[in-house]
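**Q** Provided below for reference: sequence and predicted model.
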Amino acid sequence: MSETSAARRAEASADDAALMRRIAERDQAALAALFGRYQTRVFRFVLRLVRSEATAEEVTNEVFMEVWRNGHRFEGRSTLSSWILGIAHNKAISSLRKRREEGLDEGAAEQIADDADTPEVDLQKQDKGALLKACIARLGTDHREIIDLVYYQEMSVAEAAAVLSIPENTVKTRMFYARKKLSELLKEVGVDRGWP
């Protein structure tokens, strides 16, 4: 990491700490500023897990409500982004469990017409970046989370472990298997080169 990016990170961390102090004091402007800073990041993270924009928006709002209610509990032992994404992870998983329990009526599911292109035709229409996203979407939840946190959110292994509340070695193991599976999926769709 360059000195400039390290300085920027330190400055952002100080700004985040100041915002959290203000949120703990019930400053709504601070929450609005925090929302502006992290909303897109949280939404994209949640969307990759729940795969529904409406659900992702709902979960994202719940995350920031949780930050508002529990801002006084942020101790700064991890980065603020790790703490917020940890909340987002827990809320997204809860949402997935709730959806699974509610289920879809079998009769209603049979009535839904499938007018989409076949997977092969659809994949042929997309570029390599879209192919990569499609392959990531086919990974299991644990592996998608790890790919998202490490590659899209640019978190370290330690930060990803903090977000998911798992040991660092588990993060490394999941990364290994996620990359291996992703490489296999990319080969299936005709992309010879596996994970970069």
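**A** Good, I have the coordinates.
**Q** how close does Val67 get to Ala30?
**A** Distance of Val67 to Ala30, computed by C-beta to C-beta, to the nearest Å: 10 Å. Backbone N, C-alpha and C define where each C-beta goes, glycine included.
**Q** anything in contact with each of those two?
**A** Here Val67 and Ala30 have Ile23 as joint contacts, going by C-beta atoms under 8 Å, 6 or more residues apart in numbering.
**Q** give me the low-pLDDT residue ranges for this protein?
**A** Residue ranges of the chain with pLDDT under 70: 1-7, 10, 101-127, 192-196.
**Q** Give me the domain ranges for it.
**A** 13-101, 118-188 (automatic domain parsing).
**Q** I'd like these as a markdown table, with mean neighbour count appended.
**A** Shown next, in a markdown table, are the domains of the chain (neighbours: other C-beta atoms under 10 Å):
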| stretch | mean neighbour count |
| --- | --- |
| domain 13-101 | 17 |
| domain 118-188 | 16 |
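**Q** and the residue nearest in space to the middle of the chain, what element?
**A** Closest to where the C-alpha atoms of the chain average out (C-alpha atoms, centre = their mean) is Phe45, at 2.2 Å. Using DSSP states H and E, Phe45 sits in helix 28-50.
**Q** Return the distance of that helix from the chain's centre.
**A** Here the centre of helix 28-50 is set off from its chain's centre by 11 Å, with C-alpha atoms, centre = their mean, to the nearest Å.
**Q** State the next helix or strand along the chain beyond it.
**A** Counting by DSSP H and E, what follows helix 28-50 is helix 53-70.
**Q** pull the CA atoms of that next one into PDB?
**A** The C-alpha coordinates for helix 53-70 follow below in PDB (Å, rounded to 0.1, in the frame of the first residue of the first chain):
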ATOM      1  CA  GLU A  53     -33.000  -5.800  -5.500                       C
ATOM      2  CA  ALA A  54     -36.200  -5.200  -3.500                       C
ATOM      3  CA  THR A  55     -34.800  -7.400  -0.700                       C
ATOM      4  CA  ALA A  56     -31.400  -5.900  -0.900                       C
ATOM      5  CA  GLU A  57     -32.900  -2.400  -0.500                       C
ATOM      6  CA  GLU A  58     -35.000  -3.500   2.500                       C
ATOM      7  CA  VAL A  59     -31.900  -5.200   4.100                       C
ATOM      8  CA  THR A  60     -29.700  -2.100   3.400                       C
ATOM      9  CA  ASN A  61     -32.300   0.100   5.200                       C
ATOM     10  CA  GLU A  62     -32.400  -2.400   8.100                       C
ATOM     11  CA  VAL A  63     -28.600  -2.200   8.300                       C
ATOM     12  CA  PHE A  64     -28.500   1.500   8.700                       C
ATOM     13  CA  MET A  65     -31.300   1.400  11.300                       C
ATOM     14  CA  GLU A  66     -29.200  -1.100  13.200                       C
ATOM     15  CA  VAL A  67     -26.200   1.300  13.000                       C
ATOM     16  CA  TRP A  68     -28.500   4.100  14.300                       C
ATOM     17  CA  ARG A  69     -29.800   2.000  17.200                       C
ATOM     18  CA  ASN A  70     -26.400   0.500  18.100                       C
END
